[in-house]
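A.B. asks: Sharing a model prediction with you, sequence too.
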Amino acid sequence: MGPACLVLSIDAVRLESAAMRHRSRLWLIVCLAALTLPACSGEPDSPEAQVRDLLRRAELAAEDRDSEELLNFVSDDYSDSRGHDKQRIIGLLNYYFFRNKSIHLLTQVQRITITEPGRAETTVFVAMAGRPIAGTEELSRIRADLHRFDFVISNGGDRDWQVTGAEWRRAKVGDFL
């Protein structure tokens, strides 16, 4: 065996060794994934986690100015103390989106209370601005609308969580701290 064959032979061993390491890593990843699958099974998230997910998705839809998606989060049975129903909420959203071409939100969920199975009450502070809001420390320096929302959210047992009522009022920078 000449020097060229010896080099080729050593390179072949290196390639085979690298392939074995790759297969070993792949096998490890597959095993770890298999171990985590039971945690991802059909077990539903806690009601609090489901409500947090609804709030997160609603925030993203608002920033995208997607009124159709936002309305999926509002129950047909929506009502509040101001006499608003779902149709009135549609009008308010469309007016807000018309007046604001760019919407950026900073939200803070202050509380989520599961008052009974399938019903939650939440308090969420929302800063709304025309540009991204890096954090609460920036609120005193930028022009943003600050609001406190108290939502009643229900899932009716056989449907996703939806807002069935809300109250809102102006908030102060200190509410976010």
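C.D. replies: Yep, it's here. Numbers count the residues shown, from 1 in each chain.

A.B. asks: okay, now the residue nearest to Gln162 when sequence neighbours are not counted: neighbour count?
C.D. replies: Spatial nearest neighbour of Gln162, chain neighbours left out: Ser75 (4.1 Å); criterion: CB to CB, 6 or more residues apart in numbering. Using the backbone N, CA and C atoms, a C-beta is placed for each residue, glycine as well. Other residues near Ser75 come to 19 when the count uses other CB atoms under 10 Å.

A.B. asks: got it, and Ala127?
C.D. replies: Burial measure for Ala127: 23 neighbouring residues, criterion other CB under 10 Å.

A.B. asks: other SSEs contacting the one helix or strand it maps to?
C.D. replies: Assessed by DSSP states H and E, Ala127 sits inside strand 119-129. Applying 3 or more CB pairs under 8 Å, 6 or more residues apart in numbering; DSSP states H and E, one finds that strand 119-129 contacts helix 47-63, strand 104-116, strand 145-154.

A.B. asks: Could you save these as TSV and add columns showing mean pLDDT and distance to Ala171?
C.D. replies: TSV is the format used below for the helices and strands packed on strand 119-129 (pLDDT from 0 to 100; distance: least, CB to CB, whole Å):
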stretch	mean pLDDT	distance to Ala171
helix 47-63	95	16
strand 104-116	96	10
strand 145-154	97	4
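
A.B. asks: now the residue nearest to the spatial centre of the chain: how far from Val109?
C.D. replies: Central residue of the chain (CA atoms, centre = their mean): Arg56, 2.8 Å from the mean position. Distance check for Arg56 against Val109: by CB to CB, to the nearest Å, it reads 9 Å.

A.B. asks: What pLDDT does the model give Arg159?
C.D. replies: Turning to Arg159, the model gives it a pLDDT of 74.

A.B. asks: what does Ala129 give?
C.D. replies: Per-residue pLDDT puts Ala129 at 94.

A.B. asks: show me the contacts for the closest residue to it other than its chain neighbours.
C.D. replies: Closest residue to Ala129 apart from its sequence neighbours, by CB to CB, 6+ apart: Ala144 at 4.0 Å. By CB atoms under 8 Å, 6 or more residues apart in numbering, Ala144 lies in contact with 106, 127-129, 133.

A.B. asks: Next, format the residues you listed as TSV and append distance to Ile114.
C.D. replies: Supplementary listing: the contacts of Ala144 in TSV, determined by distance: CB to CB, whole Å:
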residue	distance to Ile114
Leu106	25
Ala127	26
Met128	27
Ala129	31
Ile133	29
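
A.B. asks: most surrounded residue in these?
C.D. replies: Going by other CB under 10 Å, Ala127 tops the contacts of Ala144 with 23 neighbours.

A.B. asks: Is that one bridged to anything, and to what?
C.D. replies: Beta-bridge partners recorded for Ala127 (DSSP bridges): Leu106, Leu146.

A.B. asks: Right, I'll leave it there.
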